[in-house]
Structure formats: structure tokens, C-alpha cells
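[1] please work out how this folds:
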Amino acid sequence: MQSTPQQNMGPQQSTGLPKVKGPELNDRDRINDILATEKYLAYGYNTACHEASQEGLFQLQMQCLSDVQKASRDLFNLMHQKGWYKLEAAQPDKISQKFQQFSNYRTQFPYS
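    Prediction:
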């Protein structure tokens, strides 16, 4: 049996196709998960504040809601700074269109 010399291929070149992400979590995944949890907590605390039956309980829940909102904002800023949470600049004509749309909704409110 003849043996053929093996060539050292070196690193494989990219084919231009996107790489498939493996199952491991990276920093972006972790922070995104924490941000989603903070949003969920804010929703819950907001509801709890609306339904609090005692002033002391209301004040405690308002403080928790404020803390969660600050944490959410800090996480958003971190993700945005790292380029992990991209925002699309709104075009002036789209802003005008949405403004008109929601202005028309106002006429449907029973107490305007």
C-alpha cells in the first residue's frame, strides 16, 4: 500500500457563509438574557404597584421597579455601546406618518 504525503492545509478559508453559532453562551447572550429578565421583572413590579393595597407596600414596590428600570437601562446602554443592540435611525417621513396615525387614534378615545 502506498502512502501519499499529507499536505498541511493550514486554517480553512472562509467560504463567505455565516458561521453557525454553537450551543455555548457568550457575553452577548448572557446580557441579552439578563435584559429580557429585567424587562419581565419591570412588567411584574408595574402591575404590583397598580394593585398595592397599602402605602408601605406600594412604596417598596415602586423602589424595586425603579431599581429594575435603572438596571435595564444600564444593560441596554452596555449592549448599545458594544454594538449588540442596534437601533435604526427613524426617517422624518416615517415619524410624521406615525404621528398622524396616533393622532387619529386620539379621536377614538371616549374622553378627549
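
[2] correct me, but N46 touches C64?
    No - N46 is not in contact with C64 according to CB atoms under 8 Å; the separation is 10.3 Å. To be clear about C-beta, it is placed using only N, CA and C from the backbone, and glycine gets the same treatment.

[3] how about the helices in this structure?
    For the chain, the helices defined by DSSP state H occupy 27-51, 55-81, 92-106.

[4] tabulate those helices (JSON lines), appending mean pLDDT.
    Listed next are the helices of the chain as JSON lines, based on pLDDT from 0 to 100:
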{"stretch": "helix 27-51", "mean pLDDT": "96"}
{"stretch": "helix 55-81", "mean pLDDT": "97"}
{"stretch": "helix 92-106", "mean pLDDT": "89"}
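
[5] for K21, find the nearest of those.
    helix 27-51 (8.8 Å; CB to CB).
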